[in-house]
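> Structure here, sequence nowhere to be found:
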Ligand SMILES: O=C(O)[C@@H](CO)OP(=O)(O)O
């Protein structure tokens, strides 16, 4: 049985400032780094073989912290980021084959990025409620198929994150790898919607705390059989 570990990044500086963040590439706050270190402690009994993150630094920082605090988690291997070789500015290190006995691959992908928050990005959430009302802002933040102005709905996010999950992440799980996925509130809500079979209405109430690992058991056919939240 493989382990799938999902973790929302630790608190970012804009989480602390209560700002809509989306694709703005804000780093972890000091508290967020401490949360990620605490999460690493909870993962001490889980050996990770491969890791996936978004392109955003808050998810990468969280992954790196989780994978560098304890040798029992990284198996004594060095985590190495494998960047997207399609970028025209790419330096060509993808030609580096690596040594899987010494190195733990981390694959960053835009498919796991936070939901694009459009015109709300950078705005304070409380001030946005004052301006547009709680009902409208709740619709923008939590409904399944309503888009925030010029942004992505959860459904839009699901349409990029879930195929990536099925193609890339589930393939590793079926082959017996334990996988860490460090991503975002809404990219993970969309993946959990699929894994837990939540309806469009049920997912509205799904909230993920920062840096709390969620561990699923996955068998070789890709079936999920157990869910454990490491509070
Ligand atoms: O601002 C964001 O990008 C997200 C996550 O922090 O916010 P929300 O809780 O509204 O999905």
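Now that the structure is in, tell me what you want to look at. If you're wondering where the values come from, they're calculated on a predicted model, not measured in any experiment.

> Spell out the residue ranges of the strands in this protein.
For the chain, applying DSSP state E gives strands covering 2-8, 50-53, 78-81, 103-108, 179-183, 214-218, 224-229.

> Now do the residue nearest the centre of the chain against the ligand, distance only.
Central residue of the chain (Cα atoms, centre = their mean): residue 183, 1.2 Å from the mean position. Distance from residue 183 to the ligand, counting by Cβ to the nearest ligand atom, to the nearest Å: 11 Å. Bear in mind the C-beta positions are built from the backbone N, C-alpha and C, glycine included.

> That residue contacts residue 55, correct?
No. Between residue 183 and residue 55 there is no contact under Cβ atoms under 8 Å: 10.4 Å.

> coming back round to it: burial of the spatially closest residue to the residue nearest to the centre of the chain that is not a sequence neighbour, as a residue count?
The shortest distance from residue 183 to any non-neighbouring residue, by Cβ to Cβ, 6 or more residues apart in numbering, is to residue 112 (4.4 Å). As a burial measure, residue 112 scores 28 neighbours (other Cβ atoms under 10 Å).

> just the one 10 residues further on next, same as before
The tally of other residues near residue 122 (other Cβ under 10 Å) stands at 14.

> again with residue 61
Residue 61: 20 surrounding residues under other Cβ under 10 Å.

> what's near enough to touch the nearest residue to it once chain neighbours are set aside?
Leaving aside its sequence neighbours, residue 61 sits nearest to residue 28 (Cβ to Cβ, 6+ apart; 4.9 Å). Applying Cβ atoms under 8 Å, 6 or more residues apart in numbering, we find residue 28 in contact with 9-13, 36, 57-58, 61-62.

> let's see it at 10 Å
Applying Cβ atoms under 10 Å, 6 or more residues apart in numbering to residue 28 gives the contacts 9-13, 15-16, 34-36, 57-62, 65, 210-211.

> The ligand contacts on this structure?
Within the chain, the positions near the ligand by Cβ under 6 Å from any ligand atom are 15, 20-22, 114, 117, 141, 185-186.

> tally of neighbours for the residue nearest to residue 228 when sequence neighbours are not counted?
What sits nearest to residue 228 in space, not counting adjacent residues and going by Cβ to Cβ, 6+ apart, is residue 215, at 4.6 Å. Neighbour count for residue 215, taken as other Cβ under 10 Å: 20.

> What are the neighbouring residues in contact with residue 215?
By Cβ under 10 Å, 6+ apart, the residues touching residue 215 are 3-7, 42-43, 45-46, 178, 180, 226-230.

> That one pairs with what?
Beta-bridge pairing for residue 215 (DSSP bridges): residue 5, residue 228.

> Confirm for me that residue 38 is in contact with residue 209.
No. The criterion here is Cβ atoms under 10 Å, and residue 38 misses it with residue 209 at 11.5 Å.

> Comparing those two, which residue is more hemmed in?
When residue 38 and residue 209 are compared for neighbours, residue 38 comes out ahead with 15 against 12, by other Cβ under 10 Å.

> what does the model give the more buried one for pLDDT?
Residue 38 is assigned 98 on the pLDDT scale.

> try the one 10 residues further on
The model reports residue 48 with a pLDDT of 98.

> Same check on the one 4 residues further on?
The model reports residue 52 with a pLDDT of 98.

> For it, grab the count of nearby residues.
By other Cβ under 10 Å, the residues close to residue 52 number 24.

> Against residue 187, how distant is it?
The span separating residue 52 from residue 187 equals 10 Å under the rule Cβ to Cβ, to the nearest Å.

> Residues that sit against both of these two, list them.
Counting by Cβ under 10 Å, 6+ apart, the residues touching both residue 52 and residue 187 are 6, 59, 109, 111-112, 164-165, 181.
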